[in-house]
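Fold the following, please.
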Amino acid sequence: MNHWLVKSEPFKYSWDTFVKEKRGMWDGVRNFQARNNLKAMAVGDLVLFYHSNEGKEVVGIAKVVREAYPDPTTDDDRWVVVDLEPVKKLEKPVTLATIKADPRLQDLALVKLSRLSVSPVRPEEFDIILGLGHEHA
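Predicted coordinates:
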């Protein structure tokens, strides 16, 4: 199983909206590296849900429930989507400031490649972030 982080601006698609819908299609990705990360996702992979711009914090855990398929929001066949379902809201959101301050997370793509909307997370980084949010893998 792999681990990932996806970003969403809360005013466009928030964790609460995701939970209400019970399933979300992760669409609109228009960066090739982020697209390649979507293509690498497998059913059952766990995903950190990050609120970007407003909040700047990891707020929940999701899982991949459908692997990459063509993005229905465009006619350009280079772009794909995956389907995610919420698993759990973190007890305590983990802010970007907290992540940047933790020496164990300095290689996290969220820190090094801050504009990337879909990024891989190493298992140990995933566990550290869950610990900071008072959750257990």
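
pretty sure residue 111 is touching residue 99, no?
Yes: counting by C-beta atoms under 8 Å, residue 111 does reach residue 99; the two are 6.5 Å apart. Every residue, glycine included, has its C-beta placed from N, CA and C.

So which of the two has more stuff around it?
residue 99 (22 against 14; other C-beta atoms under 10 Å).

List the buried residues in the lengthiest strand in the chain.
Longest strand of the chain, by residue count under DSSP state E: strand 80-95. Neighbour-count burial for strand 80-95, counted by 16 or more other C-beta atoms under 10 Å, picks out 80, 81, 82, 83, 84, 85, 86, 89, 90, 93, 94.

and that strand, what does it pack onto?
helix 15-21, strand 24-26, helix 32-40, strand 46-51, strand 57-70, helix 123-132 (3 or more C-beta pairs under 8 Å, 6 or more residues apart in numbering; DSSP states H and E).

so which of these comes closest to residue 7?
strand 46-51 (4.7 Å; C-beta to C-beta).

what about the closest one, average pLDDT?
Mean pLDDT, strand 46-51: 97.

same question, stretch 81-92
97.

residues making contact with that stretch?
6, 15, 18-19, 22-27, 29, 38, 41, 46-47, 49, 58-73, 130, 132-135 (C-beta atoms under 8 Å, 6 or more residues apart in numbering).

Emit the ChimeraX select command for whichever of the residues you listed are buried.
In ChimeraX, a selection of the buried entries from the contacts of stretch 81-92 looks like this (16+ other C-beta under 10 Å):
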select :6,15,18,19,24,26,27,29,38,41,46,47,49,58,59,60,61,62,63,64,67,68,71,130,132,133,135
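
circling back to that earlier point, nearest to residue 117, out of the helices and strands packed on strand 80-95?
helix 32-40 (4.9 Å).

What are the buried residues along that closest one?
Applying 16+ other C-beta under 10 Å to helix 32-40 flags 34, 35, 37, 38 as buried.
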